[in-house]
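> A predicted structure for the sequence below; I have some questions about it.
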Amino acid sequence: MCIRNFLLYRIMAGDVDVSEMAKQRRCRLAPVGNRLFLFVGIGSDIHRICPEHILYCLQNNKKVQVFYLEDGETRCLEARGKMCELAEELSRFRRYPAFYLCHSYWLVNFAKIIKISGETVLFEGGTAMTAGVNQIRALRKAFRAWVRNE
């Protein structure tokens, strides 16, 4: 078990002060009961997000912005970290095959895409995102492959 998963295990068991993880301000995936949740540390707070509710994530300098649905509204959390680490966390458990890392700064949940039109991607909840031609081309190709395999 790696150190970061061990830390989350200790947090869930109540052995560690949650503020220790909040200082790290990173995104980590950890089990709670029989479900997995993404824990995002922001300042002194830790937010728990169900990975199925994530729409997409963006890398912005040294921070990762996580856009997700909560009560029908799109919300955004920003935490320190790298997109490749978040993508690795999600793919490591193999429960979330719908996540796709498009280039190195954009992680998309295919299960939440409603429509790809031109250079715009429309997600559930009405959130739209615009990207460059090359990113959209790569996303379209991967999305078609995912739909065929689903």
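Received it, and whenever you're ready, just let me know what you need. Residues are numbered from 1 along each chain as shown.

> any low-confidence regions in this protein?
1-26, 92-97 (pLDDT under 70).

> what about the helices in it?
3-13, 18-24, 83-92, 133-149 (DSSP state H).

> could you list the buried residues of the longest one?
Spelled out, that is helix 133-149. For helix 133-149, a neighbour-count test (16 or more other Cβ atoms under 10 Å) marks 135, 136, 138, 139, 143, 146 as buried. C-beta here means a position set from N, CA and C on the backbone, and glycine is covered the same way.

> my read is that the third one contacts residue 106, right?
The reference is to residue 138. No - using Cβ atoms under 8 Å, residue 138 is not in contact with residue 106; the gap is 9.6 Å.

> now the strands for this structure?
27-32, 35-42, 45-49, 54-60, 63-70, 73-80, 99-102, 106-109, 113-117, 120-123, 128-130 (DSSP state E).

> nearest to residue 38 among the buried residues of helix 133-149?
Closest approach to residue 38 among the buried residues of helix 133-149 (Cβ to Cβ): residue 146, at 20.4 Å.

> now for the closest residue to that closest one other than its chain neighbours: which residues touch it?
Nearest residue to residue 146, sequence neighbours excluded (Cβ to Cβ, 6 or more residues apart in numbering): residue 110, at 4.8 Å. Residues counted as contacts of residue 110 (Cβ atoms under 8 Å, 6 or more residues apart in numbering) are 98, 99, 100, 142, 143, 146, 147.

> which pair of the residues you listed spans the longest distance?
Maximum distance among the contacts of residue 110 (Cβ to Cβ): 14.8 Å, for 99 and 147.
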